[in-house]
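Q: build me a model from this:
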Amino acid sequence: MAKKTKSHNWSPTNSTRHPNADDAKAGAYLPTKDPTKGTYETSTEQETAVLVAVPDKRQADTKTQEYLDELAFLTETAGAIVTKRFVQRLEKPDTRTFVGEGKLAEIKAYVRHTKASMVIFDDDLSPSQLRNLEAELQVKIVDRSLLIIDIFARRAKSATARTQVELAQYQYLLPRLTGLWTHLGRQRGGGVAQRGPGETEIETDRRVVRDRIALLKEKLEDFEKQSNTQRKSRSGIVRVALVGYTNVGKSTIMNLLSRSDVFAENKLFATVDSTVRKVVLENIPFLLSDTVGFIRKLPTRLIESFKSTLDEIREADLLVHVVDISHPTFEEQIEVVNDTLKDIGAADKPMLLVFNKIDQYNHENSADYHSNFEGMNPDEDHVPRPTLEQLQATYMAKMHDPVIFISAQERQNIDELRALLVRHVQAIHEKRYPNQPVPDLD
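A: The predicted structure is shown next:
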């Protein structure tokens, strides 16, 4: 009689399922048949999430709340509802459970009382912290990297982007395999009257994941070869790339300049796939690419996986850095983008700084926040925001590169943006290709 062997059907989507998860509860999410209508109900209850942050004791309250607001926006983008925020100030996170024993007890009591479906941390958790927290709280534990990777997985449309995200998922999963499934402690091979220790199932599972990672990397190499061939065909044509923090309006600007229909939405990472469009302004043609937005603590795995997409930035002749000036901490977002550009080797590119959403800027709204959830210190004195005119004068005086203030949504100063782009594209072409006329892309 043939011996039955266990088959492996791997999917990164179940990577955070607790080993003691109640299968009866899981069955509650299966479609149920309505006997009166003869149809199946496929809707599921929306997940609820608890947010947890462990800032340094020296971090300002305003920054702590701003970071939690961003985490809440990420959570909502992923499709969950935030019901509570917990903050604990520590010199450094607890090595076992990230938060202290007392705070963990508070979180556990709240989760049990409200039946929250997940707890989301605004930092990356180690594999041991993840396991310990799951064992203590008995709910799904999500750290910042996994949350962002999940959003990327939802947004990815092209084959390249889907492969890039899947690679990031498996790279995240690999060191966290232990304890995710109850069968992982059993032995494969070996046993009574057999020599050698055999191979544990966790080792087999790791090998399966490593093989999958190797296969995905090969697929991405093929995609990169195709992208390189496409980019070589564009030689002699000035290339412009839109860069910036996520949700600053890059796709809206792309649609205005190229008259295209790139997906734009008031959510984080609305655009994951890199999009390239031909643009002709005043008979001056160039290629404009809309790239993935950056964010604070962008997972390194995503940066590595999205190498071919980020090549659009690295190989661009001009970067258009779009900034949401209405955001209370837009200057910090500028620093995040500049640091990320350094990380991918694109910080030395010519850059045009575009401050977007001037229609939403209000200097009367302080950048400070009121402490409205536990764990926050008393508010500090805050300095009122400068007027839009003061910001314009300041940035135009201190920046060596061109600066322009627009509203893509209301189409304010868009003609000025077009004129500025034409001047810079033409200057780049004449400098780089002095003996070539401006190409015709048709």
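
Q: confirm Asp123 sits in a strand?
A: No - using DSSP: H, G, I helix; E, B strand; the rest coil, the assignment for Asp123 is coil, not a strand.

Q: name the nearest residue to Glu76, ignoring sequence neighbours.
A: Counting by Cβ to Cβ, 6 or more residues apart in numbering, Glu76 lies nearest to Val82, which is 7.0 Å off, once chain neighbours are set aside. To be clear about C-beta, it is placed using only N, CA and C from the backbone, and glycine gets the same treatment.

Q: secondary structure element for that neighbour?
A: If you go by DSSP states H and E, Val82 is part of strand 81-87.

Q: average pLDDT across that strand?
A: For strand 81-87, mean pLDDT rounds to 95.

Q: list the buried ones in that strand?
A: The neighbour-count check on strand 81-87 (16 or more other Cβ atoms under 10 Å) flags Val82, Lys84, Arg85, Phe86, Val87 as buried.

Q: contacting residues around the helix or strand that that strand is followed by?
A: Downstream of strand 81-87, the next assigned helix or strand under DSSP H and E is helix 101-114. With Cβ atoms under 8 Å, 6 or more residues apart in numbering as the contact definition, helix 101-114 has outside contacts at 48, 50, 52, 83-84, 86, 88, 94, 97, 99, 116, 119, 133, 136-137, 139.

Q: for the chain, what are the low-confidence residue spans?
A: The model of the chain has pLDDT under 70 over residues 1-44, 178-201, 228, 230-235, 260-274, 305, 307-309, 364-383, 399-401, 435-442.

Q: so where do the strands sit in the stretch 101-250 of the chain?
A: All strands of the stretch 101-250 of the chain, identified by DSSP state E, counting those that start in this stretch, fall at 118-121, 140-142, 187-188, 199-200, 239-244.

Q: mind checking the ones you listed for the one nearest to Leu216?
A: strand 140-142 (22.5 Å; Cβ to Cβ).

Q: neighbouring strands for the closest one, and are they parallel or not?
A: strand 118-121 (parallel) (DSSP bridges).

Q: what does the strand it pairs with rub up against?
A: So strand 118-121 is contacted by 47-54, 71, 75, 80, 98, 107, 111, 133, 137, 139-144, 147 (Cβ under 8 Å, 6+ apart).

Q: which of those are buried?
A: Using 16+ other Cβ under 10 Å, the buried ones in these are 48-54, 71, 75, 80, 98, 107, 111, 133, 137, 139-144, 147.

Q: hang on, isn't Gln171 packed against Arg210?
A: No - at 10.1 Å, Gln171 does not count as touching Arg210 under the criterion of Cβ atoms under 8 Å.
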